[in-house]
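Participant: fold the following for me, if possible:
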Amino acid sequence: MKNFIWSEFGVLDHWSLADDGTLFIYNDQNQFRKMSPKYGLTIQKIIEKSDALKGYNVQIRTSQNTGQYSILEWFSDLSLSDTEVRIQEDSVTNVEPYSELNKKIEAMKKEIDEQKRLVEHEQEEKEKLSQRLIKASDKAEDYQAKNTELMEKYIQLQNYYNELTRTEQDEVDNVAHELIEMELVGTKKDVQCKGHPVKLFALRLGINREHRGRLNIEIKKHIKSNCYQVLLLDHGNREVQIALGIDRKTLHIRTVFSDIPKFSESLLSICGFNEELIKQSADTYALNDLVAMYQKVKEQTDNSILET
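Facilitator: Residues are numbered from 1 along each chain as shown. Got it, this is the predicted structure:
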């Protein structure tokens, strides 16, 4: 009759062999169990198993066949924790074969590798999800920024229209209808730019068009009424919004809008100038002075964007 008790021993750290042949095994807490030299040749097999099991959680067997040996002092075999021990009936050793132990260790290594693979896969998926969320967040911020910019431009255009007299609004409406019929979008035009718009080019866009005469543009999009999104072909294809007029079939610039959001408020807060007063007395300012005002506002607003 085989009577054994299996108990957990923790992580196997090392073994030692006493002069009298007693084998000691130690766990990572420096606790030990011993194996009697009476086991003879079996001890060498246990040493081989101990070498294979270093660093692993192990269970130990304590024989109860010839006496009530304490599980806190003695052992007669060891194996991998949480595994079924298959004993090869052997009249001499009666211990788990080394080959069986190797199978357990290999199986456990495969399980560990699979767990690592699953963890790495999960981490990769989390990283992909994180990147998708970041991209989605960036897109949302870009959309919000573009939406805010469009709203500001719309308000700017609406303010321009509201500031006109009723007669001027009627004139703009008629001009807008005539411009739409001309199917300007997608065409390149040579338009007249003189007088007040020249001052606005300097103030609102920082472009000095003194003595430049006519302006070459490519009309990209109809915004509203007589307002269009255009490329300034004479100024590095800069994209801006302008209001067009037509007189005797000749296109001309009525006004130009700044590419700086909330330009009027920024001009007042940064430079201390009221845009309406400047427009009313534009002839008292040199074009270079107006360009300098634009550049100062542009520099300050760009720095504010970088800081945020």
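Participant: any idea which strand is longest in the chain?
Facilitator: What stands out as the longest strand in the chain, according to DSSP state E, is strand 4-17.
Participant: does the residue of the chain positioned farthest from its centre sit in a helix, a strand or a coil?
Facilitator: Each residue of the chain has a distance to the centre, and by Cα atoms, centre = their mean the biggest one is for residue 66: 68.6 Å. Under DSSP: H, G, I helix; E, B strand; the rest coil, the three-state class of residue 66 is coil.
Participant: in stretch 56-68, which residues are buried?
Facilitator: By neighbour count on 16 or more other Cβ atoms under 10 Å, the buried set for stretch 56-68 is 56, 57, 58, 59, 60, 61, 62, 63. To be clear about C-beta, it is placed using only N, CA and C from the backbone, and glycine gets the same treatment.
Participant: hmm, who's touching that stretch?
Facilitator: By Cβ atoms under 8 Å, 6 or more residues apart in numbering, the list of residues contacting stretch 56-68 from outside reads 1-12, 25, 33, 69-71, 74-83, 85, 105, 108.
Participant: which among these count as buried?
Facilitator: Buried residues within the contacts of stretch 56-68, counting neighbours by 16+ other Cβ under 10 Å: 6, 9-10, 12, 25, 33, 69, 71, 74-81, 83, 85, 105, 108.
Participant: in strands, which of the residues you listed appear?
Facilitator: Filtering the buried ones among the contacts of stretch 56-68 for strands - DSSP E - leaves 6, 9, 10, 12, 25, 33, 77, 78, 79, 80.
Participant: the last one against residue 55, yeah?
Facilitator: No - under the contact definition of Cβ atoms under 8 Å, residue 80 does not touch residue 55, with a separation of 11.4 Å.
Participant: just for the chain, where's the confidence low?
Facilitator: Scanning the chain for pLDDT under 70 picks out 1-2, 86-94, 98, 140-162, 164, 282, 305-308.
Participant: so which residues of it form helices?
Facilitator: With DSSP state H as the criterion, the chain has helices at 42-53, 98-162, 166-181, 196-205, 263-266, 275-280, 287-307.
Participant: comparing the ones you listed, which comes out most buried?
Facilitator: Among these, helix 196-205 has the highest mean neighbour count (mean count of other Cβ atoms under 10 Å), at a mean of 23.
Participant: quick revisit: next, format the ones in strands among the buried ones among the contacts of stretch 56-68 as TSV and append distance to residue 134.
Facilitator: TSV is the format used below for those (distance: Cβ to Cβ, whole Å):
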residue	distance to residue 134
6	52
9	49
10	44
12	46
25	52
33	55
77	56
78	51
79	49
80	44
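Participant: before we move on, back to that, adjacent strands (with direction) for the longest strand of the chain?
Facilitator: Sheet pairing of strand 4-17 (DSSP bridges) gives strand 23-27 (antiparallel), strand 57-63 (antiparallel).
Participant: among those, which is nearest residue 288?
Facilitator: strand 57-63 (83.0 Å; Cβ to Cβ).
Participant: render the CA-only coordinates of the closest one in CSV, please.
Facilitator: What follows is strand 57-63, C-alpha atoms only, in CSV (Å, rounded to 0.1, in the frame of the first residue of the first chain):
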residue,chain,number,x,y,z
ASN,A,57,6.7,26.4,-7.9
VAL,A,58,7.0,22.8,-6.8
GLN,A,59,5.0,20.3,-4.7
ILE,A,60,6.8,17.7,-2.6
ARG,A,61,5.8,14.2,-1.5
THR,A,62,6.3,12.9,2.0
SER,A,63,6.0,9.2,2.6
